[in-house]
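Asks: below are the sequence and a predicted model for it; my questions follow.
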Amino acid sequence: MADLKLELVLIPVSDVDRAKAFYTEQLGFELDVDHEPNEEFRVVQLTPPGSACSVTIGKGITSAEPGAYRGTHLVVEDIEAAREELVGRGVEVGAIRHMTPQGWVDGVDPNHADKIYITGSNDKLVPLSTFATLRTTAEPRELKKFQQLNAVRIQGVIPPPVSLDAALGFLEQEARAILPADATIDYAGESRQLRTEGSGFLTTFLLSAILIYLVLAAQFESFRDPFIILAGSVPLAVSGALLFSFLGLTTLNIYSQVGLITLVGLIAKNGILIVQFANHLQETGRDKLAAIVEATGTRLRPILMTTAATVVGHFPLVIATGPGAGARNSIGTMLVSGMIIGTLFTLFVVPSIYMLVARKRSPVIVADEVPQGDVPAGAAEGVPA
């Protein structure tokens, strides 16, 4: 007789004696083996007269050989674990049946609830349909959570001309129109950084400008000179850096915002070189116009040298490729473009603001030292001349 496909028979309770009685009394199987390797695992082997089919009853898979279960009924406590174990061993699994005291039920059907009995009070068998109903609904295969809440993750790719902030704004607008009122939106990765840290960019930018202003005020001992330096260099440099973002060469993200804050400190040094030297020239006797013109010409070479060093040092970030290149490109583009454009305008705007805001400084007179030979001898000895 040809081997049958393996059939897994699921009993509603882990009752070996009941399953054995069902096969021997109702189906006419004969007991071959009945042994207990341990108290937690009992195995019963039955064979019907004149048939190659056999039945193995136990709590799980007992044989390591795939051929041991060919052409058998396997009664186990955990049907899914047994199926995975057998398929992993290369055993072909046939029908899955549910055993009841009245017989077995093929497959899984909601209409079989009245054929499945469980033990109730006083050891009476009660149909499952008396207290339970089955219905078919559409449910996700898995429920994902985020921040300990049920969540659905949405991933997408943003086309190059669209910034991350604009894409998130569009997503939030559509979500407000589609999702229920009690639904919330949260982000992960770079989007989460932009929403949690990007909202504080203006505050951070203003605090950095105020800190630089106070440091310069202490250095120059004036509130006008720091204003000339920052007003003549920072707005133009930041505008030049943002121009490339508006042209689509980069996006305004958390990394470009870091580049803008760094740009404030780098570009301010150009104005410091001009204003500091112009103040020194006024103290030597030159008027304000002549002092600022000469200071701009004299400080041109150090300004260009420091700007070139900064641009060349950060240019590799602009052309970087590979993993994480987007972050490096954003920082490099902001610093390189901001330094180039800011330096060009600083050479013309800072002198103009200096003429309007800076105060006139009086020449500082330094007393000449009296030659040692001209001191009277009596005075040198402390005696009145």
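Replies: Sure, I can see it. Numbers count the residues shown, from 1 in each chain.
Asks: from the chain's centre, how far out does stretch 153-163 sit?
Replies: 14 Å (Cα atoms, centre = their mean, to the nearest Å).
Asks: assumed V126 was part of a strand.
Replies: Yes. The assignment for V126 is a strand, going by DSSP: H, G, I helix; E, B strand; the rest coil.
Asks: separation between it and A132?
Replies: As defined by Cβ to Cβ, to the nearest Å, V126 lies at a distance of 10 Å from A132. C-beta here means a position set from N, CA and C on the backbone, and glycine is covered the same way.
Asks: ok, now G285?
Replies: 103 Å.
Asks: neighbour count: the two, which is higher?
Replies: G285 (13 against 10; other Cβ atoms under 10 Å).
Asks: skipping adjacent residues, who's closest to that one in space?
Replies: P363 (4.3 Å; Cβ to Cβ, 6 or more residues apart in numbering).
Asks: so where is the stretch 51-200 of the chain shaky, pLDDT-wise?
Replies: Scanning the stretch 51-200 of the chain for pLDDT under 70 picks out the ranges 51-54, 58-73, 77-79, 88-118, 125, 161, 197-199.
Asks: what about 80?
Replies: 51-136, 139-143, 146-148, 159-165, 189-190, 192-200 (pLDDT under 80).
Asks: helices along that one, start to end?
Replies: Assigned by DSSP state H, counting those that start in this stretch, the helices in the stretch 51-200 of the chain fall at 79-88, 164-178, 189-197.
Asks: can I get these in a markdown table including distance to A309 and mean neighbour count?
Replies: Converted to a markdown table, the helices of the stretch 51-200 of the chain look like this (distance: least, Cβ to Cβ, whole Å; neighbours: other Cβ atoms under 10 Å):
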| stretch | distance to A309 | mean neighbour count |
| --- | --- | --- |
| helix 79-88 | 64 | 15 |
| helix 164-178 | 31 | 12 |
| helix 189-197 | 30 | 15 |
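Asks: just send those back as TSV, with distance to G156 too.
Replies: Formatted as TSV, those follow (distance: least, Cβ to Cβ, whole Å):
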stretch	distance to G156
helix 79-88	35
helix 164-178	8
helix 189-197	10
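Asks: output stretch 266-274 as CSV, nothing but the C-alphas.
Replies: This file holds the C-alpha atoms of stretch 266-274, laid out as CSV (Å, rounded to 0.1, in the frame of the first residue of the first chain):
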residue,chain,number,x,y,z
LEU,A,266,33.5,82.6,10.2
ILE,A,267,32.3,85.6,8.2
ALA,A,268,32.4,88.0,11.2
LYS,A,269,36.2,87.9,11.2
ASN,A,270,36.3,89.8,7.9
GLY,A,271,34.5,92.8,9.5
ILE,A,272,36.7,92.5,12.6
LEU,A,273,39.9,93.0,10.5
ILE,A,274,38.5,96.1,8.8
